[in-house]
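Participant: here is the input, now give the coordinates:
(2 chains)
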Amino acid sequence: MISNNLWVCYEMSINFRVEWQAHSLSNAGSNGSNRLLPRRQLLADGTETDACSGNIAKHHHAVLLAEHFEAVSIPLCPACRNRDGRRAAALINLTDYKELTIERILKECGLCDAHGFLVTSKNAASDGSTETRQRLSKHSLVEFSYALALPGHHTETTQIATRNGSSKEDGQMIMKMPSRSGQYSRCVRYRSVGIGVDTDKWKLVVNDEEKRILRHQAILRTLMDSVLSPEGALTATMLPHLTGLNGAIVIRTTPGRAAIYSALEPDFITLLVSLEDDTCRVFPFTTITEFSNAMKELIKHSIPALPSQNHLGANKVSPTKID
Amino acid sequence: MAPTNFIWLSAEYNFAAMYSCRIPLTSIGSATVMPAPGPATVRLALIRTGIELFGIDYVRDKLFATIRSTKIYIRPPERIAISNQLIRAYKYNAGRLGEEDSIQETITYREFVHPMGTMFIYLQIPDVLETDLNQILKAIGYWGQSNSLAYCLNIRQTDPEPNECAIPLRSFKLNGSVRNFFSCVTSEFRDEKVEWDEVMPFLQATKPDAVRVEIYVWPMVIYQQHSNGKILCRGTFEA
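Facilitator: I've put the predicted structure just below:
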C-alpha cells in the first residue's frame, strides 16, 4: 500500500544470514574462573550448533536506540535516560510516578514504547502494609530470534588469555576464551503498527503522526546499525569481523503478519520472494550495500500503519473489510 | 432460526527459529517446555490477535463465546530438539509499605525448542465465523514467548487427525499404557462458561480458577538423548 509516495508499514521482518569471524558475542557463563563457555543449541536434526541469544541483541538494540532517540529529541523516561533495563518498572519508586498510567509511559518515553516493559501487579496486604498496584505492560515491538550457526559452517578456536586474580596472592591467571567464526541465521520482527499504541487494548495513545514517524525512523536506523555493526558480549577485545550478509526484508502493508522464515533453510530467500503480493513486499539483498540501501529507502519512504480499528472507526467494526 | 453448522479449520504454522512454551506450574527460574502450545495458550492467542484486528468490543461480544468453547486439537511438529539455555533475568521483590521494591539480577534456565516441520492447530467453529477466525489464525505471529516467532503458512477446512494430536490423559483410549509418550500438565480454560472478565488481565486480574491445569499426552517419544538436550519425534497413538 502506498500513500502519497510513502509506504505504509504494518510490520516488517528481516530474515538473514550473517558471517561473523572471531567473535564471542554471546556466551553461556563459565566453569568457574578459567574457561568461558560458548552458547550452544541442539537442532532438530541432532546436530549441536553455535548460538547467540536474542536477548543480548535486543539489549544492545535498546541501548543504541536510546542514543538515536536522544539525537532527534524523542523523550525518554528517567529510567531509560539512565539506561536502566527495567524501563518503566524502575519508575514506580519515584515520587513523581506514583500514579503511573500506560498513556503517560507511552507519551513520555520512546524506548518503553518500542522495547516494552512490565510493571507487575501487587495486591494490598490485609494488614495494610502494602498498597495495591495495577499491572502495566507492553510487549516489545522488536523481537530477535537466536542467531544459529549453519551446521557445518562454524568453528571454534580456544584462545588463552591472562587475567589478574581477585587478590594479590592469586597473581596472574590463565583463562580460556572461545573465539568463534561462522555463518549464522537470524530473524528479526518489528511491529511498526504498535508505535505509540497500547497493544493490550490496541488503543492509539500517541496521536501525533510526526512523532510516530520519528520513532519509526529511529527504530529502523538502529536495526540497520545493529546488523551492520554487530554488538554483544566481549566486543571490547573480540569485535567480530563482518564478512558477509544476505537475506530478505519483508514488509506487510495491511493488518497481519510479515512472513518470517529461518535462514537455516537454503532456499529461504526464494521462498520469501514467492510470497510477495499486494499486501507483502519483499526486498532481497546479497551484500551489505544492498541491505543498507533497502533500509535507507524504508527509513526515507515508510510510515508506521495505524491500528486497524483506527481505519475502521471506533464503533464500526467491519472485520470482513480487513485485508 | 437456522441450525449452526460447524466446520474444522486447520492452520499450519512454521517456526522461524526456536520457541518456548513453558509447562504450567514449572518454575520460571528453571522452566521446562512442552512440544507445542497448550489449548489455553491457543484460546488466549485468538483473543489477543482478535483484539488487534477487530477491537475489544467485537471480540468480547461476537467471538469470545466461540473461542472459549471451541474444540481444539494441536499437532506438534514432526521432530523437535529441546535444549536448556542459561539466561540473565531480573528477580523482583515487592517491597512492603514504605519500602522500595527491589530488583536483583540473577540467572535462570529455560528450555527452548528447535523444530523440524510445521505445527497444526485445528479449531471446530460455526461456519458463520469462518472469515473472522481465518483472519485471526493467519495473523498469529508467535506461540509462547513473544520471541517464539511463527508465521501461518495456510489455513484449510480439514478435519484433524486426533491420533497425531495432544489429548488429555483422561480421554486416552488405548488399552495398554501410555508407553513413553511425552506427557505434561497443560493449561485449559476452566469450562465453556468462563467469563470474559475472568480471562482478560487488562480489565482486572485473572481469577485463579479461570484456567485449570490438566495432564495432556503428546504423540511424541524421546528419540535421542544428548548432553545438552533431547530429540523428540512425532508418532501416532495407534502405533
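
Participant: would you map the strands across chain B?
Facilitator: B:6-15, B:30-31, B:71-75, B:79-93, B:102-116, B:119-126, B:150-156, B:167-168, B:181-189, B:211-226, B:229-234 (DSSP state E).

Participant: indicate which one of those is closest to residue A:244.
Facilitator: When the strands of chain B are compared for distance to residue A:244 using CB to CB, the nearest one is strand B:102-116, at 23.2 Å. In this view, the C-beta of every residue, glycine as well, is placed from N, C-alpha and C.

Participant: what residue ranges in the chain score low on pLDDT?
Facilitator: Picked chain A for this. Chain A contains residues with pLDDT under 70 at A:1-4, A:128-130, A:310-323.

Participant: look at chain B instead
Facilitator: Applying pLDDT under 70 to chain B flags the ranges B:1, B:94-100, B:174-178, B:201-208, B:239.

Participant: spatially central, which residue of it would that be?
Facilitator: For chain B, the residue nearest the mean C-alpha position is residue B:37 (2.4 Å; CA atoms, centre = their mean).

Participant: go ahead and confirm that one touches residue B:145.
Facilitator: No: counting by CB atoms under 8 Å, residue B:37 does not reach residue B:145; the two are 10.6 Å apart.

Participant: hmm, back to that, ok, now how distant is the residue nearest to the centre of chain B from chain A?
Facilitator: In this view, residue B:37 and chain A are 16 Å apart by CB to the nearest CB, to the nearest Å.

Participant: do residue B:148 as well
Facilitator: Taking CB to the nearest CB, one finds residue B:148 at 9 Å from chain A.

Participant: burial count for that residue?
Facilitator: 22 (other CB atoms under 10 Å in any protein chain shown).

Participant: any idea how many residues pack against the closest residue to it other than its chain neighbours?
Facilitator: The spatial neighbour of residue B:148 that comes closest, neighbours along the chain excluded (CB to CB, 6 or more residues apart in numbering or on different chains), is residue B:19 at 3.3 Å. Neighbour count for residue B:19, taken as other CB under 10 Å: 27.

Participant: where along the stretch 101-250 of chain A do the helices fall?
Facilitator: A:102-108, A:110-115, A:209-228, A:235-238 (DSSP state H, counting those that start in this stretch).

Participant: ok, residues contacting the third one?
Facilitator: For helix A:209-228, contacts defined as CB atoms under 8 Å, 6 or more residues apart in numbering or on different chains pick out A:9, A:14, A:16, A:18, A:57, A:60-61, A:64-65, A:68-69, A:72, A:74, A:110, A:113-114, A:141-142, A:188, A:190, A:192, A:195-196, A:206, A:242, A:245, A:288, A:291-292, A:295-296, A:298-299, A:302-304.

Participant: give me the buried entries from those residues.
Facilitator: A:9, A:14, A:16, A:18, A:57, A:60-61, A:64-65, A:68-69, A:74, A:110, A:113-114, A:141-142, A:188, A:190, A:192, A:195-196, A:206, A:242, A:245, A:288, A:291-292, A:295, A:298-299, A:302-304 (16 or more other CB atoms under 10 Å in any protein chain shown).

Participant: before we move on, back to that, quick one: closest of the strands of chain B to residue B:135.
Facilitator: Smallest distance to residue B:135 across these (CB to CB): 9.2 Å, for strand B:150-156.

Participant: quick check: buried residues in that closest one?
Facilitator: Applying 16+ other CB under 10 Å to strand B:150-156 flags B:150-152, B:155 as buried.

Participant: so which of these comes closest to chain A?
Facilitator: residue B:151 (4.9 Å; CB to the nearest CB).

Participant: what's the nearest residue to that closest one if we skip its chain neighbours?
Facilitator: Closest to residue B:151 by CB to CB, 6+ apart is residue A:260, at 4.9 Å.

Participant: quick one: contacts for the one you found?
Facilitator: Residues in contact with residue A:260 (CB under 8 Å, 6+ apart) are A:13, A:15, A:187, A:189, A:250, B:16, B:141, B:149-151.

Participant: distance of the residue nearest to the centre of chain B from residue B:53?
Facilitator: 19 Å (CB to CB, to the nearest Å).

Participant: got it, and residue B:73?
Facilitator: Taking CB to CB as the measure, residue B:73 falls 23 Å from residue B:53.

Participant: higher neighbour count, those two?
Facilitator: Taking neighbours as other CB under 10 Å, residue B:73 and residue B:53 compare with residue B:53 leading, 24 against 21.

Participant: looks like that one contacts residue A:254 (just checking).
Facilitator: No: with contact defined as CB under 8 Å, residue B:53 does not count as touching residue A:254 (10.5 Å).

Participant: residue in the stretch 51-200 of chain A nearest to chain B?
Facilitator: residue A:145 (3.4 Å).

Participant: surely residue B:33 touches residue B:22?
Facilitator: Yes: using CB under 8 Å, residue B:33 is in contact with residue B:22, at 5.9 Å.

Participant: and residue B:115, what does it touch?
Facilitator: A:44, B:15, B:19, B:77, B:79-81.

Participant: which pair in the residues you listed spans the largest distance?
Facilitator: Farthest pair in those, by CB to CB: B:19 and B:79, 14.1 Å.

Participant: how far away from the center of its chain is the longest helix along chain B?
Facilitator: The helix spanning the most residues in chain B, taking DSSP state H as the definition, is helix B:39-54. Chain-centre distance of helix B:39-54: 11 Å, with CA atoms, centre = their mean, to the nearest Å.

Participant: what's the angle from it to strand B:211-226?
Facilitator: 110 degrees (axes from the mean of the first three to the mean of the last three CA atoms, to 10 degrees).

Participant: hang on, the earlier thing: among the buried ones among the contacts of helix A:209-228, which are located in strands?
Facilitator: A:9, A:14, A:16, A:18, A:142, A:188, A:190, A:242, A:245, A:302-304.

Participant: need these in a markdown table with distance to chain B, can you?
Facilitator: Conversion of these to a markdown table gives the following (distance: CB to the nearest CB, whole Å):
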| residue | distance to chain B |
| --- | --- |
| A:9 | 15 |
| A:14 | 11 |
| A:16 | 12 |
| A:18 | 14 |
| A:142 | 10 |
| A:188 | 9 |
| A:190 | 11 |
| A:242 | 21 |
| A:245 | 18 |
| A:302 | 19 |
| A:303 | 19 |
| A:304 | 14 |
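
Participant: do you know how far residue A:216 is from chain B?
Facilitator: For residue A:216 relative to chain B (CB to the nearest CB), the value is 18 Å.

Participant: got it, and residue A:233?
Facilitator: The value you get for residue A:233 to chain B, if CB to the nearest CB is used, is 11 Å.

Participant: fine by me, thanks again.
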